[in-house]
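A.B. asks: After the sequence you'll find the predicted model.
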Amino acid sequence: MFDLSDLQGNILRGYRKPLVRYLILEVADRTAARRWLADSISGRDHGVPQITTGNWGVAKPDTCFNIGLTYEGLRALGTPGSSLEMFPNEFIEGMTARALKLGDVGPSAPETWPSPFNEPGRIHIIATIYADKAEQLDQVQQRALDRNALTLLGTRDGYGFRDDYVHFGYRDNIMQPRFEGIHDSERYADGQPMAPLGTVLLGHPTNLEGLTWRVPQPAALGDNGTFNAFRVLKQDVAGFENYLDQAASELLEHPQVDELLPPGAEMKIGQVLAVEGLAVEGRHGALREIVAANLCGRWRDGTPLALSADAPDPNVNQADFDYAGESRCPYGAHIRRCNPRGGQIVQRIANNSRRLVRRGMPYGPAYDRAQRDPDKPEPERGLLGNFIGASLGAQFEAMSCDWLNLGLQDPRITGSNDPITGSNDPKTSWFDLPLKSGGTIRLRGMPQFVSTRGGAYTFLPSLSAIRYLGSLTT
Amino acid sequence: MPIPRDERAIDRFVDRLPENPLFKFLASRILVPLWARWTPVKPLPGGPHPSFQRGDNVQCMMNLIMPLKDKSPVGRALAALAIAQNKDAIFAGLNNVGTVHFARFVIVGDNICMFSVYDGDFTNYIRDFIATIGSVFNAVVGLVEGGEKVLPCEKNVEAFIQWVHERDLYQVPDTPTDFLRDQEALNGDRAVSPVNDDLTLLPRKLVLQLRVNPNVSLGSGYRAYPGFSVAQVRKQLGLGW
């Protein structure tokens, strides 16, 4: 059994706390910052908050505290050059330099990011606080900043919605990789192979047979570390709902609409989603939900289209499915693009090799369609997302670049962007809705629903690495 | 009626200089080295011009020129043998990687060259190739100057990809302003100032660039049909993908 106590928490197992705060920090004083790091693993329950490890025992702590370091942060702490040069290029260059690969163009371009993400060189540490109550966030923040070691550049707060729903109205947090040798009582068999530890931790075998990622030395620094793509993703929920209206209206006029939604079938869709508190009005409303389900690959209640393509089904195992053989899940659906599971893809060796641990929570007020005033600008809302893997290049960037933004994994979607997260242009975007007969109806005119408003690549050090960095003297 | 020319005598003189043998001699031996000393130029990185890849063309080119360690007929024969011995593995690799249109191995002088056309992102292409037929890379790169530092490629994935990238030829854009933009981007100037876009400086800048990038690709490949992906072509032809 792998020892989780040398790992930071929230990597192999999630906290599932309702509140999160990100502290974006700059090293103000190198020596004091090193002492701050050493104190964060000292075991004392006063002063600097203690790093939560992956081994939290029987009960999760009331608050959890973790850190990620950018390349600039490692430099600011005085990490030796011989160690720094062993980090992968994408991490050294940083997220803003990789904008083209990630699709961060136009409204997502780093040049448009607000403070503190407009000065990526100053972002050294991103500390994360998870808590049950808002006052706990404030208390831990105060303890974290109660020194002259670090300067607070900014914060971002997120909170969980009921039953893991997110802004676009889907139930999320259904799937995470399960790791070999790691018992997680909240994760069940899902038909996917167990992920080797090297999917997420440096120094372990990866999913690509025989390939290992470079581990920065000394071993105390690199072993059991991992990388995180922290992203502030603004979500245009009003635009998304408007698009569903537009697409449903167009589909109502389409000659093959009855194949997509047989007369009377709208009742079943409405009944199932009503249980989840989602109102579906008539045939137009059902078509909206069909479009929403196809764009995502799941109905809004979480039912995968791969298991139930005609209507949501509360009785299916939402995690256990595959795309092998004939599947009614669109090739271009968001969840299929991110993780094609065992389905046929062009890059035959890449099945299961680009998996990521996702830890995210919404930010901003929930969208309320009934209360919406079209004359007023919508408040900003979105997702504070963490995409964790042992190789940002081989996992997060490879997925973003070739699969989300280019659709290279399947010739039937090549040239199209992810319908939900892609940087789409209404003039060129398209998405094919599959029909039972094997044909498709092509939707067009999708605008960009998600834009990046900040982020950074961070290294999530092990406890040994934090101890090592805290003990540096040069 | 002939179009009136506003060239002055000095302009005509300057325009004809490149054809003058004396000037050519002085330029190559004195003027260009002096320019290079006054205006240091960094080598431009290889591979396709960075851009957010749109769907109308997914094809990219790789042009690797790798100097052989053994610069003799025996060394060249060893390189030829390495490719011949791995022919089956190369075919299998191309099939499994799924994104490579073709890969050509060419010996030019004392260099072994690998030219290929692939779909999508360069690092993904090389990484997938390492995972599929890393042994072929090991056999070839082991014969190349400096190659031993990044072998075996399976255990040095990041360093190997970087090594290949550094040997991939710079692709000179067809549009002169794009070339100037590449230079400015390399120097960290993302704004691209209009002053530096002075096209009269282009010949001098190009000469200095080709001094530090002696081998380049002219353009990024010219196609007789749209840049479909391998899988799109195979699917359309009913070959399976």
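C.D. replies: Arrived safely, thanks for sending.

A.B. asks: ok, which residues in the stretch 151-300 of chain A are in contact with chain B?
C.D. replies: Counting by Cβ under 8 Å from any Cβ of the partner chain, the residues of the stretch 151-300 of chain A close to chain B are A:208-214. (Glycine included, C-beta is placed from N, CA and C.)

A.B. asks: residues contacting the residue positioned nearest the centre of chain B?
C.D. replies: Nearest to the geometric centre of chain B sits residue B:169, at 1.9 Å (Cα atoms, centre = their mean). By Cβ atoms under 8 Å, 6 or more residues apart in numbering or on different chains, the residues touching residue B:169 are B:46, B:63-65, B:213, B:215-217.

A.B. asks: returning to that earlier point: would you reformat the residues of the stretch 151-300 of chain A next to chain B as JSON lines and include pLDDT?
C.D. replies: Converted to JSON lines, these look like this (pLDDT from 0 to 100):
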{"residue": "A:208", "pLDDT": "89"}
{"residue": "A:209", "pLDDT": "86"}
{"residue": "A:210", "pLDDT": "88"}
{"residue": "A:211", "pLDDT": "92"}
{"residue": "A:212", "pLDDT": "91"}
{"residue": "A:213", "pLDDT": "95"}
{"residue": "A:214", "pLDDT": "96"}
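
A.B. asks: so which of the residues you listed is the most crowded?
C.D. replies: residue A:208 (26 neighbours; other Cβ atoms under 10 Å in any protein chain shown).

A.B. asks: wait, it sits on residue A:353?
C.D. replies: Yes: because the distance of 5.3 Å satisfies Cβ atoms under 8 Å, residue A:208 is recorded as touching residue A:353.

A.B. asks: so how many other residues sit close to residue A:376?
C.D. replies: 7.

A.B. asks: ok and the residue in the stretch 301-450 of chain A nearest chain B?
C.D. replies: Residue nearest to chain B within the stretch 301-450 of chain A: residue A:415 (2.6 Å; Cβ to the nearest Cβ).

A.B. asks: residues from chain B in reach of chain A?
C.D. replies: Within reach of chain A by Cβ under 8 Å from any Cβ, chain B has these residues: B:50-56, B:58, B:96-99, B:119-121, B:123-124, B:127-128, B:130-132, B:134, B:154-159, B:162, B:228-232, B:234-236, B:241.

A.B. asks: From those residues, which land in strands?
C.D. replies: Counting by DSSP state E, these place residue B:119 in strands.

A.B. asks: Restricted to buried residues, select the residues of chain B next to chain A in ChimeraX.
C.D. replies: In ChimeraX, this line selects whichever of the residues of chain B next to chain A come out buried by 16 or more other Cβ atoms under 10 Å in any protein chain shown:
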select /B:52,53,55,58,96,97,98,99,119,120,121,123,124,127,128,130,131,132,134,154,156,157,158,159,162,228,229,230,231,232,234,235,241
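
A.B. asks: Please flag which of the residues of chain B next to chain A sit within helices.
C.D. replies: B:96-97, B:123-124, B:127-128, B:130-132, B:134, B:157-159, B:162, B:230-232, B:234-236 (DSSP state H).

A.B. asks: follow-up on the earlier one: out of the residues of the stretch 151-300 of chain A next to chain B, what pair is the most spread apart?
C.D. replies: Farthest pair in these (Cβ to Cβ) is A:209 and A:214. Separation: 17.5 Å.

A.B. asks: next SSE after the one helix or strand residue A:22 maps to?
C.D. replies: In this structure, residue A:22 sits in strand A:19-27 according to DSSP states H and E. Once strand A:19-27 ends, the next helix or strand along the chain (criterion: DSSP H and E) is helix A:30-39.

A.B. asks: packing partners for that following helix?
C.D. replies: helix A:463-470 (3 or more Cβ pairs under 8 Å, 6 or more residues apart in numbering or on different chains; DSSP states H and E).

A.B. asks: list the helices and strands the helix it packs on packs on?
C.D. replies: Counting by 3+ Cβ pairs under 8 Å, 6+ apart, helix A:463-470 packs on helix A:30-39, helix A:219-222.
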